[in-house]
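# no sequence for this one, just the structure:
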């Protein structure tokens with residue numbers, strides 16, 4: 001019985017350590033981001049930011065519009081259960097350049113991650 005109690009205590013200590021390490025890694029990954037606060041995007045020319053803007057225009061066009069993406073000109077991020085991007089996008093509407101705002105939610109979900117044998 002003493003052995004089982006010792007294993008239970010070890011389990012509790014290990015669980016607490018994992019939770020603490022997880023909290024530290026989340027805080028480090030988010031750097032200076034505060035959960036729920038909008039933070040300016042430092043480099044809107046980043047390929048990923050431009051990709052998200054292009055995808056927003058493409059999704060908008062699925063409802064019968066025909067905008068042509070030019071570029072993301074500014075934006076902010078919001079750390080939530082994933083990441084919100086509030087982007088200001090330049091797009092062509094016929095011959096006219098217009099500015100549009102899109103909010104894009106991005107969440108990465110890893111379904112599985114296993115070592116390959118051989």
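Nice, I can see it. Quick caveat: nothing in here was measured; it's all calculated off a predicted structure.

# quick check: which ranges of this protein have low pLDDT?
Within the chain, the set of residues satisfying pLDDT under 70 comprises 1-33.

# hey, where'd the helices end up in it?
Secondary structure of the chain by DSSP state H: the helices cover 2-29, 47-61.

# which residues sit in contact with the residue nearest the centre of the chain?
In the chain, the residue lying closest to the centroid (C-alpha atoms, centre = their mean) is residue 83, at 3.2 Å. Neighbouring residues of residue 83 by C-beta atoms under 8 Å, 6 or more residues apart in numbering: 77, 105-107. All C-beta atoms are positioned from the backbone trio N, CA, C, and that covers glycine.

# hmm, which two among these are most spread apart?
77 and 107 (13.1 Å; C-beta to C-beta).

# returning to what we had before: gap between the residue nearest to the centre of the chain and residue 38?
Applying C-beta to C-beta, to the nearest Å, the value for residue 83 to residue 38 is 11 Å.

# and for residue 109?
Distance from residue 109 to residue 38, by C-beta to C-beta: 23 Å.

# OK, contacts around the spatially closest residue to residue 72 that is not a sequence neighbour?
Nearest non-adjacent residue to residue 72, counting by C-beta to C-beta, 6 or more residues apart in numbering: residue 53, 3.8 Å away. When contacts are counted by C-beta under 8 Å, 6+ apart, residue 53 touches 69, 71-72, 75, 87, 89, 102.

# before we move on, the earlier item: so between residue 109 and residue 38, which is more surrounded?
More neighbours surround residue 38 than the other of residue 109 and residue 38, with 13 against 5 (other C-beta atoms under 10 Å).

# mind listing what's buried along stretch 77-96?
Neighbour counts over stretch 77-96 (16 or more other C-beta atoms under 10 Å) mark 77-79, 83-85, 87-91 as buried.

# quickly note the distance from the residue nearest to residue 72 to residue 70.
Taking C-beta to C-beta, one finds residue 53 at 9 Å from residue 70.

# okay, and the common contacts of these two?
residue 89.

# contacting residues around stretch 100-118?
Here stretch 100-118 has contacts from 52-53, 55-57, 60, 67, 80-91, using C-beta under 8 Å, 6+ apart.
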